[in-house]
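A.B. asks: heads up, no residue letters with this:
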Ligand SMILES: Cc1cc2nc3c(=O)[nH]c(=O)nc-3n(C[C@H](O)[C@H](O)[C@H](O)COP(=O)(O)O)c2cc1C
């Protein structure tokens, strides 16, 4: 008899898509629990290499990251900057990252596309991670003013989000009820008709 506890893997929450899409995309989701397995330095380099090769406006590459590993002071400091809700689950992740961007271009003008490019770079990371059975969970729930102070973020940069990274395949039995239910709930989306318009707005 298989006595292994139930685990969530990347095939357990496949999106019910209206049209066929690449499996790495339909299998992606944002878990709040991760397998008890380290992410190696090499794997982290692979994830950030995927970021490195993302497109960006004028090739400015405005993205900046601070990575921390569980068990370090920096990781604990990062947890301390997150919202109460995120603090409830985030320490399941072996890696936590702060994601930011450089606000201006080298000529001093505001880079209006910096946040776009940070998001795009994380899209690249998503696909790379997914191919390695690694999951990402983005977090807007953080106190960025506190982050800037604690992590000595210089003028001209803004920390937009935090990111939890870990392997899919967590055991979900011991989770509190709300987190367990969120983990197994079906993924939902608005239909294309609500966000793709033909020729003009609506
Ligand atoms: C920019 C951004 C910020 C998010 N912030 C949080 C957060 O603070 N806490 C959290 O638990 N989930 C957060 N999420 C995860 C979203 O809730 C999740 O992506 C969405 O519900 C869709 O679920 P899926 O990624 O599993 O498809 C965030 C996602 C993004 C992209």
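C.D. replies: Structure received. Nothing here was measured: the structure is a model prediction, and the numbers come from that model.
A.B. asks: Any buried residues in the host helix or strand of residue 148, and which?
C.D. replies: Secondary structure from DSSP states H and E places residue 148 in helix 144-150. Within helix 144-150, the residues scored as buried using 16 or more other Cβ atoms under 10 Å are 144, 147-148. For every residue, glycine as well, the C-beta is placed using N, CA and C.
A.B. asks: Likewise for stretch 87-100?
C.D. replies: 89-90, 92-100.
A.B. asks: again with stretch 171-179
C.D. replies: For stretch 171-179, burial by neighbour count (16+ other Cβ under 10 Å) applies to 172, 175.
A.B. asks: That stretch - what's its average pLDDT?
C.D. replies: The average pLDDT within stretch 171-179 is 85.
A.B. asks: Pull up the distance across that stretch, start to finish.
C.D. replies: 12 Å (Cα to Cα, to the nearest Å).
A.B. asks: For that stretch, what is the distance to the chain centroid?
C.D. replies: Relative to the centre of its chain, stretch 171-179 is centred 21 Å away, using Cα atoms, centre = their mean, to the nearest Å.
A.B. asks: repeat for stretch 158-167
C.D. replies: Worked out by Cα atoms, centre = their mean, stretch 158-167 lies 5 Å from the chain centre.
A.B. asks: Likewise for stretch 76-85?
C.D. replies: 15 Å.
A.B. asks: per-residue confidence averaged over it?
C.D. replies: On average, stretch 76-85 scores 98.
A.B. asks: That stretch: which residues count as buried?
C.D. replies: Across stretch 76-85, burial judged by 16+ other Cβ under 10 Å covers 78-79, 81-82.
A.B. asks: List the strands paired with the lengthiest strand in the chain, with their directions.
C.D. replies: Longest strand in the chain, counting residues (DSSP state E): strand 157-167. When pairing is defined by DSSP bridges, strand 157-167 lines up against strand 95-102 (antiparallel), strand 134-139 (antiparallel).
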